[in-house]
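A.B. asks: Quick check, what structure comes out for this input:
(2 chains)
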Protein chains: 2
Amino acid sequence: MIIDVHGHYTTAPRQLQAWRQAQIAAIGRSFNQTLTISDDEIRETIVSGQLKLQQERGTDLALFSPTAGGMAHHYGDESTSLQWTRTVNDLIYRVCGLFPTDFIGVCQLPQSPGVSPGNCAGELERCVRELGFVACNLNPDPSDGYWTDPPLIDKWWYPLYEKMVELQVPAMIHVSSSCNPNFHGTGAHYLNGDTTAFMQFIQGDLFKDFPTLKFVIPHGGGCVPYHWGRYRGIAHNMGRPPLREYLLNNVSFDSCVYNTAGMELLVRTIGADNVLFASEMIGAVRGVDPESGFYFDDTKRYLDAVSGVSDADRSKIFEGNAVRIYPLLAQKLAAQVA
Amino acid sequence: MIIDVHGHYTTAPRQLQAWRQAQIAAIGRSFNQTLTISDDEIRETIVSGQLKLQQERGTDLALFSPTAGGMAHHYGDESTSLQWTRTVNDLIYRVCGLFPTDFIGVCQLPQSPGVSPGNCAGELERCVRELGFVACNLNPDPSDGYWTDPPLIDKWWYPLYEKMVELQVPAMIHVSSSCNPNFHGTGAHYLNGDTTAFMQFIQGDLFKDFPTLKFVIPHGGGCVPYHWGRYRGIAHNMGRPPLREYLLNNVSFDSCVYNTAGMELLVRTIGADNVLFASEMIGAVRGVDPESGFYFDDTKRYLDAVSGVSDADRSKIFEGNAVRIYPLLAQKLAAQVA
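C.D. replies: Now for the predicted structure:
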């Protein structure tokens, strides 16, 4: 089985974006507009979009979440974020209901800059217990480009982590769009967010407090695998245990790397136990590579091209690690088989 | 010949740091303390520090600049930055005077958040024309972690670029320390700065306006080579020419990558014409790797371990590219031979 742990509903019917624009325009006033999207409209976007590509590429199942760039937690206040978040999470729930064997839900969190992440616990619990979601996306920078909230190792985040542990849900650490003109969204802010989060984990001792907390860092871990020697060295200088034993029981990387050399480095340096197949589809890099004739984000091709990976290791990357790291996914798959 | 394009005077006698602390403590008041360091003290730090390591590793020459983390442009105002910058540049000048065949100067710029980079032109000109320096370090984030100034493609930066072009000096794009608790300095802010700068260059069309402007992005280009497919794809989606022809006449990467897999990816993906040997020494990652028994930052070992690189290509990485990209370095080397 091939599980893609990183898919976004970037093709949602345009009513969604219109609703969001209206909500943003109404910040400071009450906003009760109803979002109306039919099942057929959802089906159409999925069948001609993500599902089509999944089938062409041989992916069996995607963990599916709202558009990361669309989270935009900096707009308005906590109530704005909660209203938007419930709306998009409900839409993901509908996708998963229409295509139950193709997509499993991952929720957005109603984060807001300066507001305790513990306030997200209610929506997380709703998504897991009522909507059947198996994970969440956690934005390490709700200011969307100015990094004004505390680092992920700060106790500020602990109430959310407690709920994640209780519910057995991992988080993908994923920034949203950037409103800082220095940071291009998918070309800088995303990768910087990944890199920043990993380094924060080196600095803290978070997993001593939360030994079962699990994170997936997307986009191949930002620059971490490429600079693995640098990170081993920095951790060594800080007196930390060897990096692998210090962090890799709790932190893994997805495989959203769009070239074979990068994929090879990822798998060989980090090892098959900590890489999860993903394509970030339909997402950051759309279209066909004129050099290869294939889609840039067809990450299975790059992975298939890496030589010397055993079948057992490929199976971990495609399926085993996801089932291990996302316990509620494992339960769902077991229930589908039964 | 082996040229290391990225060395910092991180071992300066402790009077330097004391002077800087006193200067910072006096912000808002006049400060005229004299920095007193003897030639012997400089010799001692260099002979037992950078020069010792250079000789052990077979490096012939280093481009040498003030400690990047120490630039800390966010302290005080423009006058604070100028006074500090002149002080550390003068110290680099003394090092290069004492060891003229081992070190060639690269200057810090007197940047200050919100102040026109054009105001750095005078100090750059002084360092080049009077002190014999061949390049500068340019901080893309003088706020040191909050990224409040415009991106590098903004006309805000053009007066400085005009002076660089006039003087024929390239810049290494190098952030300083981070005062944002989210960003560890050498483990996040440095690499994020590299990644961010490269993506800014994709967004703009800077080198149409400055066809001879040259930048070196340190630390192996942040995450750019690892995600080369992603950057090719994003550039393609934005309608840019192929990335190599669009940017690599003006932008190169140094080889500060502390593991063989990363070095191999860098050289193979980017190609020998755009990689410059460097070690960031004595810098971000000190000490000996317990796995290998060698210094983490002994980057020549990783480069030597990459197979299939021709002698001609190795020569470009070690020497030829530096001579080509830093014209004033070429002139100095020619003068030394003559």
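A.B. asks: In contact with residue A:87, which residues?
C.D. replies: A:16, A:19, A:35 (CB atoms under 8 Å, 6 or more residues apart in numbering or on different chains). Every residue, glycine included, has its C-beta placed from N, CA and C.
A.B. asks: Please list only the buried members of these.
C.D. replies: Among the contacts of residue A:87, those classed as buried by 16 or more other CB atoms under 10 Å in any protein chain shown are A:16, A:19, A:35.
A.B. asks: nearest to chain B, of these?
C.D. replies: In terms of CB to the nearest CB, no member of the buried ones among the contacts of residue A:87 lies closer to chain B than residue A:16, at 21.9 Å.
A.B. asks: And for the residue of the stretch 1-150 of chain A found nearest chain B, nearest residue in space, chain neighbours not counted?
C.D. replies: Residue nearest to chain B within the stretch 1-150 of chain A: residue A:147 (4.3 Å; CB to the nearest CB). Leaving aside its chain neighbours, residue A:147 sits nearest to residue B:182 (4.3 Å; criterion: CB to CB, 6 or more residues apart in numbering or on different chains).
A.B. asks: Give the buried residues for the helix ranked longest in chain A.
C.D. replies: In chain A, taking DSSP state H as the definition, the longest helix is helix A:78-98. Residues of helix A:78-98 classed as buried: A:78, A:80-82, A:84-89, A:91-96 (neighbour count, 16+ other CB under 10 Å).
A.B. asks: One more: stretch A:153-167?
C.D. replies: Here stretch A:153-167 shows A:153, A:157-158, A:160-161, A:163-165, A:167 as buried, counting by 16+ other CB under 10 Å.
A.B. asks: need the strands for the stretch 1-150 of chain A, in chain order.
C.D. replies: Per DSSP state E, counting those that start in this stretch, the stretch 1-150 of chain A carries strands over the ranges A:3-8, A:61-65, A:103-108, A:135-138.
A.B. asks: Now distance to residue B:254 and mean pLDDT too, for those, in TSV please.
C.D. replies: Putting the strands of the stretch 1-150 of chain A into TSV (distance: least, CB to CB, whole Å; pLDDT from 0 to 100) gives the following:
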stretch	distance to residue B:254	mean pLDDT
strand A:3-8	31	97
strand A:61-65	37	98
strand A:103-108	38	98
strand A:135-138	33	98
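A.B. asks: Please report phi then psi for the nearest residue to residue A:27 once chain neighbours are set aside.
C.D. replies: Spatial nearest neighbour of residue A:27, excluding adjacent residues (CB to CB, 6+ apart): residue A:76 at 4.2 Å. The phi and psi torsions at residue A:76 (degrees, to the nearest 10) take the values phi 60, psi -140.
A.B. asks: ditto for residue A:142
C.D. replies: The phi/psi pair for residue A:142 (degrees, to the nearest 10) reads phi -60, psi -10.
A.B. asks: so it makes contact with residue A:112?
C.D. replies: Yes. Using CB atoms under 8 Å, residue A:142 is in contact with residue A:112, at 6.0 Å.
A.B. asks: Can you work out which residues contact both of the two?
C.D. replies: When contacts are counted by CB under 8 Å, 6+ apart, residue A:142 and residue A:112 have residue A:73 as shared neighbours.
A.B. asks: rewinding a little: which ones are touching the residue of the stretch 1-150 of chain A closest to chain B?
C.D. replies: Going by CB under 8 Å, 6+ apart, residue A:147 touches A:141, A:196, B:145-146, B:180, B:182-183.
A.B. asks: Also residue A:277?
C.D. replies: Residue A:277 touches A:2-5, A:254-255, A:299-300, A:303, A:317-319, A:322, counting by CB under 8 Å, 6+ apart.
A.B. asks: The same query, at a cut-off of 10 Å, please.
C.D. replies: Taking CB atoms under 10 Å, 6 or more residues apart in numbering or on different chains, we find residue A:277 in contact with A:2-6, A:59, A:254-256, A:299-300, A:303, A:314, A:316-319, A:321-322.
A.B. asks: so residue A:160 sits right up against residue A:109, yeah?
C.D. replies: Yes. If you go by CB atoms under 10 Å, residue A:160 and residue A:109 touch, sitting 7.6 Å apart.
A.B. asks: Which residues are in contact with each of these two?
C.D. replies: With contacts taken as CB under 10 Å, 6+ apart, residue A:160 and residue A:109 have A:117, A:119-121, A:124, A:136, A:138, A:171 as neighbours in common.
A.B. asks: name the element the residue nearest to the spatial centre of chain A belongs to?
C.D. replies: Central residue of chain A (CA atoms, centre = their mean): residue A:172, 3.9 Å from the mean position. Following DSSP states H and E, one finds residue A:172 within strand A:171-173.
A.B. asks: tally of neighbours for residue A:149?
C.D. replies: Other residues near residue A:149 come to 24 when the count uses other CB atoms under 10 Å in any protein chain shown.
A.B. asks: Distance of it relative to residue B:87?
C.D. replies: The gap separating residue A:149 from residue B:87 is 36 Å, by CB to CB, to the nearest Å.
A.B. asks: and what of residue A:161?
C.D. replies: The gap separating residue A:161 from residue B:87 is 46 Å, by CB to CB.
A.B. asks: State the phi and psi torsions of residue A:32.
C.D. replies: Torsion angles, degrees, to the nearest 10, at residue A:32: phi -130, psi 20.
A.B. asks: for it, what are its contacts?
C.D. replies: By CB under 10 Å, 6+ apart, the contact list for residue A:32 reads A:23, A:26, A:83.
A.B. asks: Tell me who's in contact with the last one.
C.D. replies: Residue A:83 makes contact with A:23, A:31-32, A:76, A:110 under the criterion CB under 10 Å, 6+ apart.
A.B. asks: can I get these in a markdown table with pLDDT?
C.D. replies: Converted to a markdown table, these look like this (pLDDT from 0 to 100):
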| residue | pLDDT |
| --- | --- |
| A:23 | 98 |
| A:31 | 97 |
| A:32 | 95 |
| A:76 | 98 |
| A:110 | 98 |
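A.B. asks: who wins for most neighbours among the residues you listed?
C.D. replies: Neighbour-wise, these (other CB under 10 Å) top out at residue A:110, 25 neighbours.
A.B. asks: could the contacts of residue A:147 go into CSV alongside distance to residue A:290 and pLDDT?
C.D. replies: Compiled in CSV, the contacts of residue A:147 are given as follows (distance: CB to CB, whole Å; pLDDT from 0 to 100):
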residue, distance to residue A:290, pLDDT
A:141, 34, 98
A:196, 33, 98
B:145, 38, 98
B:146, 38, 97
B:180, 39, 98
B:182, 37, 98
B:183, 36, 98
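A.B. asks: now, which of these lie within helices?
C.D. replies: Among the contacts of residue A:147, the members falling in helices (DSSP H) are residue A:196.
A.B. asks: Let me know the pLDDT of the spatially closest residue to residue A:274 that is not a sequence neighbour.
C.D. replies: Nearest in space to residue A:274, with sequence neighbours left out and distances taken as CB to CB, 6+ apart, is residue A:252 at 4.4 Å. You'll see residue A:252 listed with a pLDDT of 98.
A.B. asks: That'll do, ta.
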